[in-house]
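What shape does this take:
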Amino acid sequence: MPAPIEDYALIGDTRTAALVCRDGSIDWLCLPRFDSAACFAKLVGEEENGAWSLAPQGDARVVERRYREDSMVLETIWECEDGARVRVVDAMLVGSDAPRLVRMAVGEQGRVAMRSRIRIRFDYGRVVPWVHHSSGTVVACAGPDAAALYADVPLTGDDLSTVSEFAVRAGDRVGFELAYYPSYEQQPGPSEALSALRKTDAFWREWARTCRYDGPWRETVVRSLLTLKALTDAKTGAVLAAPTTSLPEQIGGVRNWDYRYCWLRDATFVLVALLNAGFEEEAFAWRGWLLRAVAGNPEDLQILYGLRGERRLPEFEAPWLSGYAGSRPVRIGNAAAEQVQLDVYGEVADVMYQAHRAGLAADTEEWDLTKAVVAAVEKRWSETDRGLWEVRGPARHFVHSKVLAWVALDRAVCAIEQFGLEGPADRWRALRKHIHAEVCAQGYDPKRETFTQSYGSQEIDAATLLIPLVGFLEADDPRMLGTVRAIERELVVDGFVHRYTQPSLDTDGLPPGEGAFYACGFWLADNYVLQHRREDARALFERLIGTANDVGLLSEEYDVRAKRLVGNFPQAFSHVGLVNTAYNLASEAKPAEQRRGKQQVAPPA
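Residues are numbered from 1 along each chain as shown. Below you'll find the model as predicted:
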């Protein structure tokens with residue numbers, strides 16, 4: 001069995017990211033960008049698909065693993081049977097000319113024999129590169145890709161890998177550096193590793209110092225914000241959903257998706273989390289990415305885009321990879337980009353409205369886009385779609401999609417009323433009222449006293465927890481009180497919230513089975529805050545964050561039975577939910593003003 005997902009830690013440079021296992025192996029790294037092909041793909045395959053191990057030889061155990069305070073520099077401390085200790089420092093260098101991964105073994109006590117073994121395999125573990133010595137170092141090259149490995153100790157070839165065996169004593173430092181470059185360009189030289197590590201450490205600390213959160217979970221919140229920053233592309237402002245592909249929602253299952261893209265469903269959550277924490281520059285960069293990505297015909301909006309706003313994200317399977325714990329297929333790309341998901345209109349309108357509330361002045365072109373988005377809603381809101389969860393079964397009238405159509409109209413009306421913008425407010429108010437009435441009539445089951453997943457369905461869906469968070473209904477409305485009870489009854493397992501009931505293959509086109517969804521748990525906690533159930537909210541919040549791994553990271557889901565993380569890792573959606581719920585719990589403002597950063601809007605009569 002592979003290492004549990006919770007055994008991994010994230011390092012990154014705001015261009016790409018790597019996952020470092022507790023056993024000292026880097027098992028996932030895409031170069032040169034988050035969405036490039038992986039050169040270390042052991043995470044979803046075997047060691048032969050690429051990995052880099054740096055650890056003591058013989059028997060040793062990890063006695064501590066941590067990030068440096070408010071930093072993305074990782075330290076792992078090993079202790080041998082004779083008491084000798086070594087510290088391994090891992091980081092990706094921020095601001096360097098090329099993507100650079102630095103690993104350093106630092107002797108702390110006694111003598112420790114160490115081994116480094118690196119297998120570079122380009123194109124998701126499929127391509128074995130030509131490895132040769134060049135300019136005093138080892139270079140791996142295949143097609144357009146090349147990587148230079150610099151080391152303070154001799155390197156030798158062994159079984160299509162590069163190995164070094166050495167020893168460190170107290171005070172010794174032995175460094176390694178992997179630098180990526182296009183094979184047709186000049187090889188970059190090594191950096192001054194110790195100085196570069198200090199600069200990288202200072203970058204993260206300086207960034208974290210901006211955080212305005214001062215509640216009881218500051219360390220947890222700052223770690224989540226640092227994770228979000230590490231998942232943000234510095235050039236485009238895009239916030240990645242996760243740095244991985246195909247980590248399964250159920251071990252051995254088929255719900256394995258590529259999450260190295262940007263989802264519009266995350267847009268407002270991310271914006272509000274960054275704004276609340278004081279990171280206006282990142283928030284508005286994310287908004288700028290969104291505006292560029294959705295530019296064009298509003299009727300052609302997608303639910304997800306590439307890091308640079310790419311629209312075509314074809315999905316294919318990688319049969320040469322065995323999958324994490326045998327979970328196949330391993331998928332590259334995401335066909336959900338081709339789905340019709342009408343909630344995207346509400347997300348786009350909401351992001352622009354929230355940015356204006358935060359002080360960014362509206363301009364004519366941006367308001368024209370908002371109006372075009374609302375015009376598309378007027379035309380398409382009554383269509384069926386695939387819903388928030390991107391089901392691969394039949395299209396339906398999903399309640400959440402209709403609620404987000406209401407949000408698009410509502411935010412446009414609010415923009416006119418609050419910022420003096422021009423638009424057909426009366427017409428939009430009338431349609432807003434009509435959609436509200438239809439959702440309440442067709443999306444609500446009065447016998448069971450709950451909103452359902454889609455019109456006329458029997459399924460319960462945690463997405464309906466967003467109804468009060470977007471201002472569609474008050475949280476203490478009897479229909480929402482009943483919906484929360486239904487979710488507690490049918491979707492909560494041992495205190496964790498699943499996305500929706502899955503009675504059969506027809507529910508979403510895939511075999512049933514997945515973990516509890518972290519974001520849904522945070523939404524339920526937000527509802528508890530709004531319903532003045534603060535003790536329940538706090539207990540749920542602490543239960544959720546209590547399942548983070550030893551360095552504070554959350555995946556997409558949690559397997560309640562196996563008590564382990566599942567799904568892509570670390571997951572931005574989970575960490576954004578954590579940050580926003582922490583603010584809601586810690587804020588002294590009235591709960592009704594804390595819903596996902598939304599302005600309180602009374603439901604239409």
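
So which elements touch the lowest-mean-pLDDT helix or strand in the chain?
Here the helix or strand of the chain ranked lowest by mean pLDDT, DSSP states H and E is strand 130-134, holding a mean of 89. Secondary structure elements in contact with strand 130-134, counted by 3 or more CB pairs under 8 Å, 6 or more residues apart in numbering; DSSP states H and E, are strand 137-142. For glycine as for every other residue, the C-beta is placed from the backbone atoms N, C-alpha and C.

Outside of the strand it packs on itself, which residues are in contact with it?
If you take CB atoms under 8 Å, 6 or more residues apart in numbering as the criterion, strand 137-142 is touched by 120, 122-123, 127-133, 146-151, 155, 162, 183, 187, 190.

ok, then the element right after that strand?
Where DSSP states H and E defines the elements, the next helix or strand beyond strand 137-142 is strand 145-151.

Give me the buried positions along stretch 50-58.
Judged by neighbour count (16 or more other CB atoms under 10 Å), stretch 50-58 contains these buried residues: Gly50, Ala51, Trp52, Ser53, Leu54, Ala55, Pro56.

what bridges to the last one?
Listed by DSSP bridges, the beta-bridge partners for Pro56 are Met114.

Make sure it is actually in contact with Gly110.
No - checked against CB atoms under 8 Å, the pair Pro56 and Gly110 is beyond contact range at 11.1 Å.

Who are the contact partners of Arg209?
By CB under 8 Å, 6+ apart, the contact list for Arg209 reads Asp70.

What segments of this protein are helices?
122-125, 193-208, 218-230, 267-277, 280-294, 343-357, 364-380, 399-419, 425-442, 466-469, 478-490, 518-530, 534-545, 572-586 (DSSP state H).

Quick one: closest of those helices to Leu10.
Minimum separation from Leu10 across the helices of the chain (CB to CB) falls at helix 218-230, 6.0 Å.

isn't Arg287 right next to Val351, touching?
Yes - counting by CB under 8 Å, Arg287 does reach Val351; the two are 5.9 Å apart.

Quick check: neighbours shared by these two?
Common neighbours of Arg287 and Val351, counting by CB under 8 Å, 6+ apart, are Leu271.

picking up where we left off before, kindly format the C-alpha coordinates of the least confident helix or strand of the chain as PDB.
C-alpha atoms of strand 130-134 as PDB (Å, rounded to 0.1, in the frame of the first residue of the first chain):
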ATOM      1  CA  TRP A 130      18.700  10.600 -21.200                       C
ATOM      2  CA  VAL A 131      20.900  11.200 -18.200                       C
ATOM      3  CA  HIS A 132      24.400  12.600 -18.600                       C
ATOM      4  CA  HIS A 133      27.000  14.700 -17.000                       C
ATOM      5  CA  SER A 134      27.200  18.300 -18.200                       C
END
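
Direction included, what does it pair against?
Here, using DSSP bridges, strand 130-134 pairs with strand 137-142 (antiparallel).

starting at the chain centroid, how far to the partner strand?
Computed by CA atoms, centre = their mean, to the nearest Å, the chain-centroid distance of strand 137-142 equals 32 Å.

Give me the mean pLDDT for it.
The predicted model gives strand 137-142 an average pLDDT of 96.

relative to strand 145-151, how tilted is it?
When axes from the mean of the first three to the mean of the last three CA atoms, to 10 degrees is applied, the directions of strand 137-142 and strand 145-151 differ by 160 degrees.

Could I get the CA-only coordinates of stretch 473-489 as PDB?
The C-alpha trace of stretch 473-489 is given here as PDB (Å, rounded to 0.1, in the frame of the first residue of the first chain):
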ATOM      1  CA  LEU A 473     -33.600  32.700   2.600                       C
ATOM      2  CA  GLU A 474     -32.900  33.500   6.200                       C
ATOM      3  CA  ALA A 475     -31.100  30.700   8.100                       C
ATOM      4  CA  ASP A 476     -33.900  30.500  10.600                       C
ATOM      5  CA  ASP A 477     -36.600  30.200   8.000                       C
ATOM      6  CA  PRO A 478     -38.700  27.100   8.800                       C
ATOM      7  CA  ARG A 479     -37.800  25.600   5.400                       C
ATOM      8  CA  MET A 480     -34.000  26.000   6.100                       C
ATOM      9  CA  LEU A 481     -34.400  24.700   9.700                       C
ATOM     10  CA  GLY A 482     -36.100  21.600   8.200                       C
ATOM     11  CA  THR A 483     -33.400  21.300   5.500                       C
ATOM     12  CA  VAL A 484     -30.600  21.300   8.100                       C
ATOM     13  CA  ARG A 485     -32.500  18.600  10.100                       C
ATOM     14  CA  ALA A 486     -32.700  16.500   6.900                       C
ATOM     15  CA  ILE A 487     -29.000  16.900   6.200                       C
ATOM     16  CA  GLU A 488     -28.200  16.000   9.800                       C
ATOM     17  CA  ARG A 489     -30.400  13.000   9.500                       C
END
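
Noted, bye for now.
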